[in-house]
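Chemist: Here's a sequence, model it:
(one chain, ligands or ions: 1)
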Amino acid sequence: MTRRQFLHGVAAAGAATMLPARIFSLPAAPGMEIIRTATDRVELRLPSGQRRFRILQLTDTHFGTNSDANRAKDAASRALIRQMHHAHQPDLLFHTGDFVNNDKENPVHAAYDFMNDLGTPWALVYGNHDHPNGKPGQLSLDELAKRQENSISGWASRGGNERDYCWRAELVQDGETRASLFAFNTGDPQTGMIINPSQTAWFLRQMEEDRRAGLDHPIFVMQHIPTVEFKTVYDQNRAVGRRGEDVCYELDKGEIFGHFQASGRVRAIFVGHDHVNDYVGDYEGIKLIYGKCSGYSGYGYWQRGGRLIDIDCGTARGRTRVVLGPNMQEAPEWRVTMQEADAG
Ligand SMILES: [Fe+2]
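Modeler: Numbering: from 1, shown residues only. Next comes the predicted model:
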């Protein structure tokens, strides 16, 4: 499918009278169909017999700062992502925010084309650096969303023209939903960089609609900012991996975790934001999992990489591990983070 054909599909998907619409099909995911059924929902229809759905989580690439030094770093980030993409053949690339430094003056947004052209569907939840702050050359979130051409990302209406960038992707096989990915924009400095009240209401509506439909399959949450429980689980020595900085949970006070827990369905929360934290913990039955910083233009000296998330299509159980590019030299201290953790 060409980019133009894809865009046509997205435009059709935006018109309520034409839903559902097939929006995406690329050779990297043979047989998988992606159907947008609403602006805040897509179905990933997996071929019968596919045993594993593989996500490569990327995070905090901080692409697009307009300087020679950053252009060189961005090229290294692109090379790393290409290497990991080639080596691990994911069904979906999921970026958990701070994709582009859209809060700097005159940022470059070419990284959108890079992701669109990788040949595999991708998704993005915005981080704080994706949010514009009034400097020249920045794009609004709505403009950024238009750049995400081969992306499954979506949005929920907040009434009028207001959008919340939260959405869900359903993993469907043989007509049955096996698991859902729930994505939340936690990057907005105006709302304390947390899941805001209208996104919380959206989540509760989803749970109620699912309950009425008799759906109770597992949920994997994707967001940029860690919740406060990421701090607690490490402080209580219930995490494996490294903490190289304080947990920046911003204004989160534990409310959304309570809702996730009450749903009885959230198995894991995957985040970014803290570039030199990469641990995994189990807090009251929900796995709390840092991604691995994937780009060189942000702070932090640790080796860059990604996180594989393998979801078993039969049981919906997940497994996850950190990966590096195949040409990366492993530092001795790295080995403690190569754990494989049960994610659900
Ligand atoms: Fe970041």
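Chemist: Report the distance from stretch 58-75 to the chain centre.
Modeler: 19 Å (C-alpha atoms, centre = their mean, to the nearest Å).
Chemist: actually stretch 247-254, sorry about that
Modeler: Taking mean C-alpha positions (C-alpha atoms, centre = their mean), stretch 247-254 and its chain are 18 Å apart.
Chemist: Quick one: neighbours of Trp155, just the number.
Modeler: 19 (other C-beta atoms under 10 Å). Glycine gets a C-beta too; all of them are placed from N, C-alpha and C.
Chemist: That one reaches Asp164, doesn't it?
Modeler: Yes: counting by C-beta atoms under 8 Å, Asp164 is a contact partner of Trp155 at 6.4 Å.
Chemist: all strands of the stretch 151-300 of the chain, in order?
Modeler: Ranges of strands in the stretch 151-300 of the chain, per DSSP state E, counting those that start in this stretch, are 156-157, 163-164, 166-173, 176-184, 219-223, 239-240, 266-271, 280-283, 286-290.
Chemist: Now render those as TSV, adding mean pLDDT and distance to the ion.
Modeler: Below are those laid out as TSV (pLDDT from 0 to 100; distance: least, C-beta to the ion, whole Å):
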stretch	mean pLDDT	distance to the ion
strand 156-157	96	24
strand 163-164	96	21
strand 166-173	98	20
strand 176-184	97	16
strand 219-223	98	13
strand 239-240	93	20
strand 266-271	97	11
strand 280-283	95	19
strand 286-290	96	12
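Chemist: Dump these to TSV, plus mean neighbour count.
Modeler: Formatted as TSV, the strands of the stretch 151-300 of the chain follow (neighbours: other C-beta atoms under 10 Å):
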stretch	mean neighbour count
strand 156-157	18
strand 163-164	18
strand 166-173	22
strand 176-184	22
strand 219-223	27
strand 239-240	19
strand 266-271	25
strand 280-283	21
strand 286-290	26
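Chemist: out of the ones you listed, which comes closest to Gly254?
Modeler: Nearest to Gly254, of all those, is strand 280-283, at 10.6 Å by C-beta to C-beta.
Chemist: Contacts for that closest one, please.
Modeler: In this structure, residues lying in contact with strand 280-283 by C-beta atoms under 8 Å, 6 or more residues apart in numbering are 229-230, 232-234, 238-241, 257, 287-290, 320, 339, 341, 343.
Chemist: Mind doing that once more with 10 Å?
Modeler: When contacts are defined by C-beta atoms under 10 Å, 6 or more residues apart in numbering, strand 280-283 is touched by residues 227, 229-241, 257, 261, 268-270, 287-290, 307, 320-322, 337, 339-343.
Chemist: And for stretch 79-89?
Modeler: 28-29, 54-56, 58, 61, 90, 93, 95, 111, 114-115, 118-120, 122, 292, 294-296, 303-308, 310, 323-328.
Chemist: Just the buried residues of that stretch, please?
Modeler: Leu80, Ile81, Gln83, Met84, His85, His88 (16 or more other C-beta atoms under 10 Å).
Chemist: and what of stretch 233-250?
Modeler: Buried, per 16+ other C-beta under 10 Å, within stretch 233-250: Val233, Tyr234, Ala239, Val240, Gly241, Arg242, Arg243, Val247, Tyr249, Glu250.
Chemist: Report the contact partners of the residue lying closest to Pro226 once chain neighbours are set aside.
Modeler: Leaving aside its sequence neighbours, Pro226 sits nearest to Val271 (C-beta to C-beta, 6 or more residues apart in numbering; 4.5 Å). Counting by C-beta under 10 Å, 6+ apart, Val271 touches 57, 59, 96-97, 125, 127, 186, 221-227, 230, 247, 249, 277, 288-291.
Chemist: One more pass at 8 Å, please.
Modeler: Val271 neighbours (C-beta under 8 Å, 6+ apart): Thr59, Thr96, Gln223, His224, Ile225, Pro226, Thr227, Phe230, Leu288, Ile289, Tyr290, Gly291.
Chemist: Please apply the same query to Met222.
Modeler: Met222 touches Gln57, Phe94, Thr96, Ala123, Val125, Leu181, Phe182, Ala183, Phe184, Phe270, counting by C-beta under 8 Å, 6+ apart.
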